Structures are given as C-alpha cells and as structure tokens.
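> next come a sequence and a model predicted from it.
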Amino acid sequence: MNNAEVVSVYTRYNAIEDGFLVDLTAVSRPCGIIVPVAVTDHVWYEIGDPDNSRSAIMMIDSLRKEIKLATEGKVRPDGNILPFQYDGLELWSVLSDEITDASGEKIETCMTIMFPEDY
C-alpha cells in the first residue's frame, strides 16, 4: 500500500476553513494546553456560543482537566480516544499522532473534541 496514489486529501486545516472544526488553539494555550485543540462544529453549536468569543475560553477552561489527561496519555482505553462527561453530555477527546497544518508542516499531536457520533 505504500505505493498507492493519493487522489484526494482533506486536512484538518481544510476542515477548519470549511467550518467543520472550530480551532480553539489560541484560547487553549493560556490554559496550559500545548497541543493544537479543535472542536467539531456540532460540539461548538451545542456547548459553545458561536456569537460569543468568551464561550471558547470558558469551554476550554471547563475542559482543562480532561484535556490535560488526554494529552498526558492517561485513561485512553483504545489508545487515542478519551471519553469524558461535560455538563451531562458524553464527549470524546481524540488525539491524532501526526497531522499536516496549513503550511504543509507536520505537527506531532493535535486534539479534536467531539461527540461520539461525530467520529
């Protein structure tokens, strides 16, 4: 399979540009989260407030404990998914080991927070 021709690539950057993911990296760094963090649009519209930029900060601050556990590799039953509860809702924190950013550079680890059905 290593010689397979790639016909199409849809990157994390494309998903952010298209609005399927909401990039929360800028607000998560001051909370001590060192990996890029995004949430699915489903999570953002269900939990966040798209008309209020403070909502992202409040969401990340509330999720800080779960995000830290996920980035430290704790309690991850299948290796890359950490299920957790937030405000009575089941969410998953999914770590991706290597992605490509907008400039084409490889990023070692990033996190996407989603509902299980978004996976």
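Yes, it's here.
> kindly confirm my reading that residue 26 is in a strand.
No: applying DSSP: H, G, I helix; E, B strand; the rest coil, one finds residue 26 to be helix, outside a strand.
> what are the boundaries of the helices in this protein?
12-18, 25-28, 41-47, 54-71 (DSSP state H).
> neighbours of the residue nearest to residue 64 when sequence neighbours are not counted, just the number please.
Sequence neighbours aside, residue 31 is the residue nearest to residue 64 in space, at 5.2 Å (criterion: C-beta to C-beta, 6 or more residues apart in numbering). Any C-beta I mention is one placed from the backbone N, CA and C, and that applies to glycine too. Other residues lying near residue 31 total 16 when counted by other C-beta atoms under 10 Å.
> and what of residue 4?
Neighbourhood size, residue 4 [other C-beta under 10 Å]: 6.
> ditto for residue 27
19.
> again with residue 3
Using other C-beta under 10 Å, residue 3 has 4 other residues around it.
> tell me how far it lies from residue 11.
For residue 3, the distance to residue 11 equals 22 Å [C-beta to C-beta, to the nearest Å].
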